[in-house]
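In: turn this into a structure:
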Amino acid sequence: MYWFAAFKGHCSFLVMSTSCMEAHAGELEAYDTSKGTIRFTADKPLPEALVRAHIKENEARSSR
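Out: Next up is the predicted model:
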């Protein structure tokens, strides 16, 4: 599962599983992160590979 949240100065991508964050740690070094949150702005969107990997992980989990 995952959620998005929008605030005045940034958006947040909230993840329930940190495995994708760990797998893409190198790409996320440029982002403000916490245990299950990645904060980003419109001019610095999330890496597409991370989002696709997280969606794939969710689909695999839901098909069990």
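In: for the lengthiest helix in the chain, packing partners?
Out: Longest helix in the chain, counting residues (DSSP state H): helix 48-62. Applying 3 or more CB pairs under 8 Å, 6 or more residues apart in numbering; DSSP states H and E, one finds that helix 48-62 contacts helix 19-23, helix 25-28. For glycine as for every other residue, the C-beta is placed from the backbone atoms N, C-alpha and C.
In: dump those helices to TSV, plus distance to Gly9, mean pLDDT and mean neighbour count.
Out: Formatted as TSV, the helices and strands packed on helix 48-62 follow (distance: least, CB to CB, whole Å; pLDDT from 0 to 100; neighbours: other CB atoms under 10 Å):
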stretch	distance to Gly9	mean pLDDT	mean neighbour count
helix 19-23	21	85	16
helix 25-28	19	91	13
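In: give the buried residues for stretch 6-18.
Out: 12-13, 15 (16 or more other CB atoms under 10 Å).
In: what about it, how long is it end to end?
Out: End-to-end distance for stretch 6-18, by CA to CA, to the nearest Å: 20 Å.
In: closest to Asn58 out of the helices and strands packed on helix 48-62?
Out: helix 19-23 (9.5 Å; CB to CB).
In: give me the contacts around the closest one.
Out: 15, 28, 33, 36, 38, 50, 53-54, 57 (CB atoms under 8 Å, 6 or more residues apart in numbering).
In: please save the CA atoms from it in PDB.
Out: The C-alpha trace of helix 19-23 is given here as PDB (Å, rounded to 0.1, in the frame of the first residue of the first chain):
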ATOM      1  CA  SER A  19      12.000  -2.700   0.900                       C
ATOM      2  CA  CYS A  20      11.600  -0.500  -2.200                       C
ATOM      3  CA  MET A  21      13.200   2.400  -0.400                       C
ATOM      4  CA  GLU A  22      16.100   0.200   0.600                       C
ATOM      5  CA  ALA A  23      16.500  -1.100  -2.900                       C
END
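In: ramachandran coordinates for the residue positioned nearest the centre of the chain?
Out: Geometric centre of the chain, nearest residue: Phe13, 4.8 Å, by CA atoms, centre = their mean. Main-chain torsions, Phe13, degrees, to the nearest 10: phi -110, psi 110.
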